[in-house]
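In: fold the following, please.
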Amino acid sequence: MKDSFGREINYLRLSLTDRCNLRCVYCMPMQGLTFVPGSELLTAEELEKVVHAAVEVGFNKVRLTGGEPTLRQDVVDIVRRLARIEGVDQLVMTTNGYRLPYIAQDLAAAGLKRVNIHVDSLNKEGLAKIMRLGSFDKAWAGIEAAEKAGLTPIKLNAVITRGYNDSAAVELARLTLEKSWQIRFIELMPFAGPTEIQLENYVSSDEVKSWIEAELGPLFPINDGKLDGEARVYRLAGSLGTIGFISPVSNPYCDDCNRMRLTADGRLRMCLLTEGELDFRETLRSGGNHRDLVALFKRAIQAKPVGHSLRSGLFAENRTMSQIGG
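Out: From the prediction side, this is the model:
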């Protein structure tokens, strides 16, 4: 279904929980967060109903996020329920990978197609500094488990944060010379929570790109530098993998945005970086049926804003990133 600006909206990101087993400096404080009670999270059955309605209005790609989605004890059941819905062409997940050695095979058997794994550094000390509570060994074991389970092609997500993991950009990019992975560098975005770090430690995609080229040589654009989803993708000479840059701050892709996010407590967010939301949980738990959910999606799609207002200094302050869903 097209929104009021002619964009085809077909990509739904579902947050399964706002809880996480890490405390990345730009995302979650070490203490003081209030988490959504378990009774207020959407159940597996409710998520299935939401996706059935989403498919009817044209959504065909679903990504499971968090928090850390694998912390949901019923995550395999959720995957199984969503994978069997006709019209869901892609069912994927973003995760830190720490629990994949234990459940990757089950997730793949249930119908999950692929994972993006978040890792901000290949250096043990550097990773612990930025991701806090993080372990390089656990992250790497998760990547290996995903490959073994066939949750490929692997994409690794990293947020370069000045003063924390500057050197990680080249380390991660170098992986593509030997691995057929895509390394994706995501610009830091301002939300509620650790906003000072988000604003003051921001590094643009162009700066990260310049660091990589200074060390590893020129990056050659794929598809003439046009967007592949939300990323502009490049390749180093002779590499097996690719390097993507996601630049919502310096080079917004709002004109091509095709996605919406459902928070773990059931609010549909029309734009990641604005505060507008519609309450699906209330509809689900007050006797609403399939037609009501479809109508909510149609209303949300028509209410999707033309873009964010970061360049005007305005950003969403009603939720942290972990509360929205990454």
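
In: ok, and the closest non-adjacent residue to E187?
Out: Counting by Cβ to Cβ, 6 or more residues apart in numbering, E187 lies nearest to V249, which is 4.8 Å off, once chain neighbours are set aside. Where C-beta positions appear, they are placed from N, C-alpha and C, glycine not excepted.

In: and the gap between that neighbour and Y202?
Out: Applying Cβ to Cβ, to the nearest Å, the value for V249 to Y202 is 7 Å.

In: what is in contact with the two at once?
Out: Residues touching both V249 and Y202 by Cβ atoms under 8 Å, 6 or more residues apart in numbering: 187-188.

In: re the thing from before, ok but the residue nearest to E187 is inside a helix, no?
Out: No: secondary structure assignment (DSSP: H, G, I helix; E, B strand; the rest coil) places V249 in coil, not in a helix.

In: the stretch 51-200 of the chain: helices as residue ranges?
Out: Along the stretch 51-200 of the chain, the segments classed as helices by DSSP state H, counting those that start in this stretch run 75-83, 100-110, 124-131, 136-149, 168-174, 195-200.

In: for these, which one sits closest to A295?
Out: Shortest separation from A295 across the helices of the stretch 51-200 of the chain is recorded for helix 75-83, at 21.2 Å, computed as Cβ to Cβ.

In: which residues are in contact with that closest one?
Out: Among residues not part of helix 75-83, those counted as contacts by Cβ under 8 Å, 6+ apart are 16, 44-45, 47-48, 51, 62, 64, 69, 72, 88, 91, 93, 103, 106-107, 110-112.

In: mind giving me the PyMOL select for the residues you listed, buried ones only?
Out: Burial among the contacts of helix 75-83 is assessed by 16 or more other Cβ atoms under 10 Å; the matching PyMOL selection reads:
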select buried, resi 16+44+47+48+51+62+64+69+72+88+91+93+103+107+110+111+112
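
In: ok, back up a step: I130 versus the residue nearest to E187, what's the distance?
Out: With the distance defined as Cβ to Cβ, V249 ends up 18 Å from I130.

In: cool, Q31 as well?
Out: Using Cβ to Cβ, we find Q31 at a distance of 18 Å from I130.

In: and the two? which has more neighbours close in?
Out: Regarding Q31 and I130, a neighbour count based on other Cβ atoms under 10 Å identifies I130 as having more, with 23 against 6.

In: state the pLDDT value of the residue nearest to that one when sequence neighbours are not counted.
Out: If the residues on either side of it in the chain are set aside, I130 comes closest to Y164, at 4.2 Å by Cβ to Cβ, 6+ apart. Looking at Y164, its pLDDT is 91.

In: show me the contacts for Y164.
Out: When the contact criterion is Cβ under 8 Å, 6+ apart, the partners of Y164 are 25, 120, 126, 129-130, 201.

In: do L12 as well
Out: Taking Cβ under 8 Å, 6+ apart as the contact definition, L12 lies against 51, 54, 59, 61-63, 259-262.

In: just checking, it is part of a strand?
Out: Yes: using three-state DSSP, the secondary structure at L12 is a strand.

In: what's the per-residue pLDDT of it here?
Out: According to the predicted model, the pLDDT of L12 comes to 98.

In: average pLDDT for stretch 144-157?
Out: Mean per-residue pLDDT for stretch 144-157: 98.

In: show me what counts as buried in stretch 128-141.
Out: Under the neighbour-count criterion of 16+ other Cβ under 10 Å, stretch 128-141 has 129-131, 134-136, 138-139, 141 buried.

In: now, which of those residues sits nearest L284?
Out: Within the set of the buried residues of stretch 128-141, M131 lies nearest L284; the separation is 34.0 Å, counting by Cβ to Cβ.

In: on that earlier part again, how about the residue nearest to E187, what does it touch?
Out: For V249, counting by Cβ under 8 Å, 6+ apart, the contacting residues are 187-189, 202, 204, 310.

In: identify the farthest-apart pair in the contacts of Y164.
Out: The largest distance within the contacts of Y164, taken as Cβ to Cβ, falls between G126 and N201 and amounts to 14.2 Å.

In: coming back round to it: quick one: the residue nearest to I130 and L64, what's the gap?
Out: Y164 sits 27 Å away from L64, going by Cβ to Cβ.

In: and if you look at N201?
Out: The spacing between N201 and L64, counted by Cβ to Cβ, is 28 Å.

In: distance between stretch 167-180 and the chain's centre?
Out: Averaged C-alpha coordinates place stretch 167-180 at 20 Å from its chain's average position (Cα atoms, centre = their mean, to the nearest Å).

In: avg pLDDT for stretch 245-257?
Out: Averaged across stretch 245-257, pLDDT comes to 88.

In: buried ones in that stretch?
Out: Of the residues in stretch 245-257, those buried by neighbour count under the rule 16+ other Cβ under 10 Å are 245-249, 252-253, 257.

In: would TSV of those with distance to E213 be doable?
Out: Supplementary listing: the buried residues of stretch 245-257 in TSV, determined by distance: Cβ to Cβ, whole Å:
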residue	distance to E213
F245	12
I246	18
S247	16
P248	22
V249	20
P252	23
Y253	22
C257	28
